[in-house]
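Chemist: dropping a prediction and its sequence here:
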Amino acid sequence: CDMFMATHWTTAQQIKALLPRMAQKRFFYLIQDFEPGFYAWSSNYAQAMETYALDHIGIFNEHLLFDYFVAQGAGRYADPAFVAESLVFEPAVDRAHFYPPTVPRSRGSRRLLFYARSSNPRNMLGLGLAALRAAVAHPVFGQEAWEFLAIGGNNSLPALKLAPGKWLRPAPWSDYSQYGDLLRSSDILLFPMLSPHTSYPVLEMAACGGVAVTNSFATKTAERLHSLCANIIA
């Protein structure tokens with residue numbers, strides 16, 4: 001018989017109203033982040049949290065995220081029998097676009113990319129910018145020429161002064177192929193993300209041979225990130 005699949009907490013809430021009319025009253029739930037964390041404690045937080053108590057089969061994008069749900073006992077994930085029916089897959093990186101340079105890069109100026117997404121609070125723009133300003137004060141950034149580019153936003157971020165003679169400038173918007181080229185031609189990606197999910201840009205940067213610097217969070221420990229790739233530093 002037919003089963004619904006939810007892909008976001010709002011679609012799970014829509015499904016909830018229809019389940020009593022279904023022969024199969026469970027649904028599949030594709031879970032790609034801990035979505036209550038998108039909000040302050042609020043109606044949205046409560047409704048997102050409620051969906052994890054509905055009768056569903058969780059399909060988790062990444063084991064780190066699944067382990068967080070189990071550790072938190074979110075909704076029905078405090079029940080071992082319910083947890084045992086969950087499905088987990090690991091993110092795939094498109095190797096047609098994200099791969100190491102085929103020829104050695106010429107050593108002109110180095111480049112650091114900062115994922116400066118002001119529209120998404122869990123990307124912690126303020127903390128990331130403070131960390132970047134503290135980092136560029138280190139003498140290592142004075143030994144070579146460095147370019148600092150802000151990516152991930154809608155190009156509304158103005159040029160921001162990091163230190164004397166060092167500026168963070170918004171990168172032009174690029175398509176998927178150009179984005180892969182940009183990662184491949186850069187040295188470091190600074191990617192703050194207050195979430196138990198690794199996030200795709202971190203994996204894509206590592207796949208391109210660069211260093212991805214992100215933060216740890218709960219089950220997303222430095223050790224587990226390093227086990228995915230030595231180029232991922234928390």
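Modeler: Great, that's in hand.

Chemist: which residues touch the nearest residue to Ser216 once chain neighbours are set aside?
Modeler: Leaving out its chain neighbours, the residue that sits closest to Ser216 by CB to CB, 6 or more residues apart in numbering is Ala234, at 4.3 Å. C-beta here means a position set from N, CA and C on the backbone, and glycine is covered the same way. Residues near Ala234 by CB atoms under 8 Å, 6 or more residues apart in numbering: Val213, Thr214, Asn215, Ser216, Lys220, Thr221, Ala222, Leu225, His226.

Chemist: what about the helices in the chain?
Modeler: For the chain, the helices defined by DSSP state H occupy 9-18, 43-51, 63-72, 80-84, 125-136, 176-184, 200-207, 222-228.

Chemist: among those helices, which is nearest Arg117?
Modeler: Nearest of the helices of the chain to Arg117, taken as CB to CB: helix 125-136 at 6.8 Å.

Chemist: tell me how far the most centrally placed residue in the chain lies from Pro164.
Modeler: With distances taken as CA atoms, centre = their mean, Ser199 lies nearest the centre of the chain, 2.5 Å away. Going from Ser199 to Pro164 by CB to CB, to the nearest Å gives 32 Å.

Chemist: how about the helices of the chain in JSON lines, adding distance to Met193?
Modeler: Converted to JSON lines, the helices of the chain look like this (distance: least, CB to CB, whole Å):
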{"stretch": "helix 9-18", "distance to Met193": "19"}
{"stretch": "helix 43-51", "distance to Met193": "18"}
{"stretch": "helix 63-72", "distance to Met193": "12"}
{"stretch": "helix 80-84", "distance to Met193": "25"}
{"stretch": "helix 125-136", "distance to Met193": "10"}
{"stretch": "helix 176-184", "distance to Met193": "16"}
{"stretch": "helix 200-207", "distance to Met193": "8"}
{"stretch": "helix 222-228", "distance to Met193": "11"}
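
Chemist: ok, the closest residue to His56 other than its chain neighbours - how many residues close by?
Modeler: In space, and not counting its chain neighbours, His56 is closest to Tyr29: 4.2 Å by CB to CB, 6+ apart. Per other CB atoms under 10 Å, the neighbour tally for Tyr29 reads 24.

Chemist: same check, this time on Ala17
Modeler: Neighbours around Ala17, by other CB under 10 Å: 8.

Chemist: pull out the buried residues from the contacts of Ala234.
Modeler: Buried positions within the contacts of Ala234, assessed by neighbour count (16 or more other CB atoms under 10 Å), are Val213, Thr214, Asn215, Lys220, Leu225.

Chemist: can you pick out the most distant pair from these?
Modeler: For these, and using CB to CB, no pair is farther apart than Val213 and Lys220, which are 13.5 Å apart.

Chemist: re the thing from before, how near is the residue nearest to His56 to Leu182?
Modeler: To Leu182, Tyr29 is 34 Å away according to CB to CB.

Chemist: same thing with Met22?
Modeler: Per CB to CB, Met22 is found 46 Å from Leu182.

Chemist: those two: which has the busier surroundings?
Modeler: Between Met22 and Leu182, counting by other CB under 10 Å, Leu182 is the more crowded of the two (19 against 14).

Chemist: list the contacts of stretch 148-167.
Modeler: With CB under 8 Å, 6+ apart as the criterion, stretch 148-167 contacts 111-119, 123, 129, 132-133, 136-137, 141, 146, 168-173, 182, 186, 201.
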